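Peer 1: Everything below, folded, please.
(chains A, B, C and D)
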Number of protein chains: 2
Amino acid sequence: MVAALAGVSRATVSRVVNDSPSVDPQRARAVRDAIAELNYVPNRAARSLASRRTQAVTLVLPESTSKVFTDPFFASVIEGIAGYLAETEYTLTMILSSESTPDKTRRYLLGGNVDGALVVSHHSGDDSWARVSGSLPVVFAGRPLVGEAGSHYVEVENESGAATATDLLLSRGRRNIATIAGPQDMSAGIDRLAGWRRALARAGLDSSRVEFGDFSPASGAAAMRRLLARGAPIDGLFVASAQMAAGAYSVLESHSLRIPGDVAVVGFDDDEFAAALTPALTTVHHPVTRLGARMAETLVALIEGRPVERVTRLGTSLILRGSA
Amino acid sequence: MVAALAGVSRATVSRVVNDSPSVDPQRARAVRDAIAELNYVPNRAARSLASRRTQAVTLVLPESTSKVFTDPFFASVIEGIAGYLAETEYTLTMILSSESTPDKTRRYLLGGNVDGALVVSHHSGDDSWARVSGSLPVVFAGRPLVGEAGSHYVEVENESGAATATDLLLSRGRRNIATIAGPQDMSAGIDRLAGWRRALARAGLDSSRVEFGDFSPASGAAAMRRLLARGAPIDGLFVASAQMAAGAYSVLESHSLRIPGDVAVVGFDDDEFAAALTPALTTVHHPVTRLGARMAETLVALIEGRPVERVTRLGTSLILRGSA
DNA sequence: TTGTACGCGTTATCAG
DNA sequence: CTGATAACGCGTACAA
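Peer 2: Reported below is the predicted structural model:
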């Protein structure tokens, strides 16, 4: 260790760098000066080899690049994660697992690159992280559909949020209520659909008006078109994401159906899409940034061996705007 | 090394893992079997400690999380980078340097975490990477405004693209041509403004109608408002980004000015914003994904000591749509 | 409080 | 073609 040339032994330098208690102040100063002069930065590889920890966590994004950078959800989650991590000594690293082979991702995770992993938007078929969760702390966004039952995760109350949204449509007097549901290989998609079903069942109404999308605007438009093509009357609509609502809007408009006059619409997600629509979308708000922060918090606790809740559930609220 | 328990010496295992030439096929098989059985993954820290290389490069994003995930530019660049890197043995890591302290970024870069860095959207004041470029291969997107003169970078022909765009407005008979320029602490902002100036100078026209934005839609709207508030007539407008054009559109609309009737508009960037506007934006197209791929290619060559062009310049083309 | 000595898992060198 | 063995740069008992 070069800095040892400035006075003391390498062990002492190590103590100073990791500001261990009880080091002679004067020597400490000398070491610090040397460090500054030599522009020295401890080698992380050596450190992690010796200490068995990397001080880095990674966010695994199992989606295409374009989806990740297009869906406002990711921006908010990451903001939450990065915000929490900024307070800690951990560095955040992201890996788009669609770009590399699943195997590359696995090698990365297991290769001692990180102390833990955060997984968002995982689909049930996707298990690049599956054999990982045994040997590395992992926290999921949303209830994992496969894998060990003991997984740690943070989720929002998708089902009750969706039920509340549907109840609003009912309270507006709507009786022919359709839904554009999310992907059924993700818990968010499944649970929101279940909430809609539950509300309709409770009201004794038909719940057959269902079409699916993948949360994107284009898929929302396509689903809306299929819904209308069925010919059955629709006066209320619950959409499982604000982005899909944007797509649905354009189709309703092209069919000369007024919102909320002809069709009252309630969405899920309170992002820029929701606010930008005309009329502004009445929607279920959920704290995405806090979701991210909470995931990071859970992961760090897990890594450091502190006790943590295995599952955290975040509440939702209904934002009343112009569409229902 | 555990796998050694399955027959041979650690050296041989190492050779197999890095499929070095000339290893006895039979022993190689035995080693591979052992690896599979033990679910063994080489420890990256140890490897990089011994080999002085990490097989990872990082993308430094010196912008806020929301900007990064909102501006389509980043998605495309990253797609290009990830696409190229997927063909190589390198892993891509990203760090949002706004979230951590500049010092944290520096330590990360210098701490032996990566073999090289890619920097996009750097501003002239931002020098977290400055003292880095001496000891680590770095490739910039756009001409760096400060720092060593020897920097490697990839850029698009901003100035000539802007001049061509402005020439189009002139050819449409417009004579009162304004511009909404980008930030003047980034080469893209500076060069696009220079191109607009050059075209007007060549035509002997006034080039005082300038307002600035930060490439975002909101800043474009604000700049448009300031431009109109000046009271001087405007019949042509060059906007340095499609996002700002979106903002300008809304302001023009609210002032009952028709595009292109009253004001012909040409933008820069051919992203989803450009295509989604009504009328669709006539704009300067530049190959963002290729920019990313080229950056990655340059960096890898740099790391591996192969000869590379210090600067790569990518051409632009004009996409004629409805706005001019 | 400080220094010594060893270990971390892998690659590289050099005999064999 | 293969096996010892020495680095790699740092943390950490343990001894001084």
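Peer 1: Does residue A:7 touch residue A:32 like I think?
Peer 2: No - applying C-beta atoms under 8 Å, one finds residue A:7 not in contact with residue A:32, separated by 10.7 Å. Every C-beta, even on glycine, is put in place using the N, C-alpha and C of the backbone.
Peer 1: Make sure residue A:28 is actually in contact with residue A:16.
Peer 2: Yes - judged on C-beta under 8 Å, residue A:28 makes contact with residue A:16 at a distance of 5.2 Å.
Peer 1: Looking at these two, which is more packed in?
Peer 2: residue A:16 (21 against 16; other C-beta atoms under 10 Å in any protein chain shown).
Peer 1: OK, contacts around that one?
Peer 2: A:23, A:27-28, A:31-32, A:35 (C-beta atoms under 8 Å, 6 or more residues apart in numbering or on different chains).
Peer 1: go again using 10 Å as the cut-off
Peer 2: Residues in contact with residue A:16, defined by C-beta atoms under 10 Å, 6 or more residues apart in numbering or on different chains, are A:3, A:8, A:23-24, A:27-32, A:34-35.
Peer 1: for residue A:60, same thing?
Peer 2: A:93-97, A:105, A:108-109, A:114, A:117-122, A:126, A:128-129, A:132, A:138, A:140.
Peer 1: quick one, helices of chain A?
Peer 2: Using DSSP state H, the helices of chain A run over residues A:10-17, A:25-38, A:44-51, A:65-68, A:72-86, A:102-110, A:158-171, A:187-202, A:217-229, A:242-254, A:272-276, A:288-303.
Peer 1: Pull out the C-alpha coordinates of the shortest one and format them as CSV.
Peer 2: It refers to helix A:65-68. Output in CSV follows, covering the C-alpha atoms of helix A:65-68 (Å, rounded to 0.1, in the frame of the first residue of the first chain):
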residue,chain,number,x,y,z
THR,A,65,-34.4,-0.8,-22.5
SER,A,66,-37.2,1.1,-24.2
LYS,A,67,-39.8,-0.1,-21.7
VAL,A,68,-37.7,0.9,-18.7
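Peer 1: And it, what's buried?
Peer 2: Within helix A:65-68, the residues that count as buried by 16 or more other C-beta atoms under 10 Å in any protein chain shown are A:65, A:67-68.
Peer 1: average pLDDT for that helix?
Peer 2: Summarised as a single mean, pLDDT over helix A:65-68 is 81.
Peer 1: can you tell if that helix touches chain B?
Peer 2: Yes - using C-beta under 10 Å from any C-beta of the partner chain, helix A:65-68 reaches chain B at A:65-68.
Peer 1: Quickly name whichever of these is closest to chain B.
Peer 2: residue A:65 (4.5 Å; C-beta to the nearest C-beta).
Peer 1: Burial check on the nearest residue to residue A:160 once chain neighbours are set aside, number of neighbours?
Peer 2: Nearest non-adjacent residue to residue A:160, counting by C-beta to C-beta, 6 or more residues apart in numbering or on different chains: residue A:195, 6.3 Å away. Neighbourhood size, residue A:195 [other C-beta under 10 Å]: 26.
Peer 1: pretty sure residue A:195 is touching residue A:182, no?
Peer 2: No - using C-beta atoms under 10 Å, residue A:195 is not in contact with residue A:182; the gap is 11.6 Å.
Peer 1: The worst-scoring helix or strand of chain A on mean pLDDT near chain B at all?
Peer 2: Here the helix or strand of chain A ranked lowest by mean pLDDT, DSSP states H and E is helix A:102-110, holding a mean of 78. Yes - Helix A:102-110 is in contact with chain B by C-beta under 10 Å from any C-beta, via A:104-110.
Peer 1: Could you do stretch A:35-42 as well?
Peer 2: Yes - using C-beta under 10 Å from any C-beta, we find that stretch A:35-42 touches chain B at A:39-42.
Peer 1: and if you look at stretch A:272-289?
Peer 2: Yes - legend: contact between stretch A:272-289 and chain B by C-beta under 10 Å from any C-beta is shown at A:272, A:289.
Peer 1: Give the buried residues for that stretch.
Peer 2: Buried, per 16+ other C-beta under 10 Å, within stretch A:272-289: A:273-274, A:277, A:281-289.
Peer 1: Contact partners for residue A:79?
Peer 2: For residue A:79, the contact set (C-beta under 10 Å, 6+ apart) comprises A:288-289, A:292-293, B:64-66, B:68-69, B:96, B:99.
Peer 1: what's near enough to touch residue A:245?
Peer 2: So residue A:245 contacts A:180, A:217, A:220, A:224, A:237-239, A:252, A:259, A:265-269, A:273-274, A:277, A:281-283, A:323 (C-beta under 10 Å, 6+ apart).
Peer 1: just checking: which of those residues also lie near DNA strand C?
Peer 2: With C-beta under 7 Å from any atom of the strand as the criterion, no member of the contacts of residue A:245 is in contact with DNA strand C.
Peer 1: Let's see which of those residues end up in strands.
Peer 2: Judged by DSSP state E, the contacts of residue A:245 include A:180, A:237-239, A:265-268, A:282-283 as members of strands.
Peer 1: and which of these is nearest to DNA strand C?
Peer 2: residue A:268 (45.2 Å; C-beta to the nearest atom of the strand).
Peer 1: coming back round to it: mutual contacts of residue A:195 and residue A:182, please.
Peer 2: A:158, A:240, A:268.
Peer 1: Any chance of those residues in CSV with neighbour count, pLDDT and distance to residue B:89 as columns?
Peer 2: Output for the shared contacts of residue A:195 and residue A:182, formatted as CSV (neighbours: other C-beta atoms under 10 Å in any protein chain shown; pLDDT from 0 to 100; distance: C-beta to C-beta, whole Å):
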residue, neighbour count, pLDDT, distance to residue B:89
A:158, 27, 97, 40
A:240, 32, 98, 40
A:268, 29, 97, 41
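Peer 1: For the residue in the stretch 151-300 of chain A positioned nearest to DNA strand C, list the residues it contacts.
Peer 2: Of all residues in the stretch 151-300 of chain A, the one sitting closest to DNA strand C is residue A:299 (22.7 Å; C-beta to the nearest atom of the strand). Residue A:299 sits next to A:57, A:59, A:81, A:84-85, A:90, A:115-118, A:137-139, A:152, A:154, A:308 when contact means C-beta under 10 Å, 6+ apart.
Peer 1: Quick one: buried ones out of the residues you listed?
Peer 2: Judged by 16+ other C-beta under 10 Å, buried ones among the contacts of residue A:299: A:57, A:59, A:81, A:84-85, A:90, A:115-118, A:137-139, A:152, A:154, A:308.
Peer 1: ok, of these, which one's closest to DNA strand C?
Peer 2: residue A:115 (15.0 Å).
Peer 1: Nearest residue to that closest one in space, please, no chain neighbours.
Peer 2: residue A:303 (4.9 Å).
Peer 1: So the one you found versus residue A:138, what's the distance?
Peer 2: Per C-beta to C-beta, to the nearest Å, residue A:303 is found 10 Å from residue A:138.
Peer 1: Overlap in contacts, the two.
Peer 2: A:57, A:116.
Peer 1: I'd like the residues of helix A:102-110 next to chain B as TSV, with distance to residue A:233 and neighbour count appended.
Peer 2: Below are the residues of helix A:102-110 next to chain B laid out as TSV (distance: C-beta to C-beta, whole Å; neighbours: other C-beta atoms under 10 Å in any protein chain shown):
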residue	distance to residue A:233	neighbour count
A:104	51	16
A:105	47	23
A:106	50	19
A:107	54	16
A:108	52	26
A:109	51	25
A:110	55	19
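Peer 1: Taking the contacts of residue A:79 together, which two end up most distant?
Peer 2: Farthest-apart pair in these is A:293 and B:68; separation 18.0 Å (C-beta to C-beta).
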